[in-house]
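J.: need a structure here:
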Amino acid sequence: MKILLSLMLALASCAACAGSGHAQWNAAIAAFEASDRADPPPQHAVLFIGSSSIEHWKSVAADFPEVKVINRGFGGSELSDSTYFADRIVAPYHPRAIVMYAGDNDLWDGHSPEQVRDDFAAFVRKARAVDPGVPIAFIAIKPSVARKALLSQIRQANRLVRAYAATQHNVAYLDVFTPMLGPDGQPQAKWFGDDGLHMNRSGYALWIGIIRPWVDAHGR
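T.: All right, here's what the predicted structure looks like:
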């Protein structure tokens, strides 16, 4: 009994540790829930989710006026954060389709390209546990000026995610990476704000042109 009790306590401790890394986002997720209570979002909308490139996309509803849209980006987050909180910011909406941007911060924090792919696959499984077959698109990790040192890892992560997506039904890889590069194959400052990391309107306009056909096909 003592051994069994020790094992149970150890497992409980491990579970708590697993969630502790996501605790920094509790306030952001609670704010989403409060907003949902005050102004319930539409069911079966296109859910945009992920890190700061989604959070900063304040005009996303206006940019895709032909569909209902929900923005649940929280800046600084990693792929596993969206998976961890999916029960609170994915499942309640029963989205018609999901557009995800994340992985940028993962690589910056030292995760491998393989882990980025695996974490995206885990998100797909979690989302489809609630809504089987929901279409999901992964926006390629952008080649930002601020994270130019990560360019080789970004290329590899994107290749791995694209290869994974090709094996799945209704999982798409949307290549914003290639057109954001200059003729020399390097990041271009023209798509970004002063920090070289977050996009300006020109950057989002480029994204819209690439994302819209997929949203039109799956979001109506």
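J.: so where is this structure shaky, pLDDT-wise?
T.: Counting by pLDDT under 70, the chain shows low-confidence ranges at 1-20.
J.: quick one: the helices in it?
T.: Counting by DSSP state H, the chain has helices at residues 2-20, 26-38, 52-55, 60-63, 79-84, 86-89, 104-108, 113-130, 151-166, 177-180, 201-218.
J.: Extract the C-alpha set from the fifth one and format it as PDB.
T.: Presented in PDB, the C-alpha positions along helix 79-84 are these (Å, rounded to 0.1, in the frame of the first residue of the first chain):
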ATOM      1  CA  LEU A  79       2.200  24.900 -29.900                       C
ATOM      2  CA  SER A  80       1.800  22.800 -26.800                       C
ATOM      3  CA  ASP A  81       0.000  25.800 -25.000                       C
ATOM      4  CA  SER A  82      -2.800  25.700 -27.600                       C
ATOM      5  CA  THR A  83      -3.100  22.000 -27.100                       C
ATOM      6  CA  TYR A  84      -3.100  22.200 -23.300                       C
END
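J.: and that helix, which residues are buried?
T.: Under the neighbour-count criterion of 16 or more other CB atoms under 10 Å, helix 79-84 has 79-84 buried. In this view, the C-beta of every residue, glycine as well, is placed from N, C-alpha and C.
J.: With distance to I70 as extra columns, can I get the helices of the chain in CSV?
T.: Listed next are these as CSV, based on distance: least, CB to CB, whole Å:
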stretch, distance to I70
helix 2-20, 24
helix 26-38, 9
helix 52-55, 11
helix 60-63, 9
helix 79-84, 13
helix 86-89, 9
helix 104-108, 21
helix 113-130, 14
helix 151-166, 22
helix 177-180, 25
helix 201-218, 13
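J.: rewinding a little: of the buried residues of helix 79-84, closest to V67?
T.: S82 (20.2 Å; CB to CB).
J.: Please list all residues in contact with the closest one.
T.: By CB atoms under 8 Å, 6 or more residues apart in numbering, the residues touching S82 are 49-50, 89-90, 100, 102, 123.
J.: want to try CSV for those residues, with distance to W57 and neighbour count as columns?
T.: Below are those laid out as CSV (distance: CB to CB, whole Å; neighbours: other CB atoms under 10 Å):
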residue, distance to W57, neighbour count
I49, 11, 28
G50, 10, 29
I89, 16, 23
V90, 17, 24
M100, 12, 24
A102, 13, 27
F123, 19, 25
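J.: Go through these and flag which are in strands.
T.: Among the contacts of S82, DSSP state E puts 49-50, 100 in strands.
J.: which one among these gets closest to D175?
T.: Using CB to CB, the ones in strands among the contacts of S82 come closest to D175 at M100, 14.3 Å.
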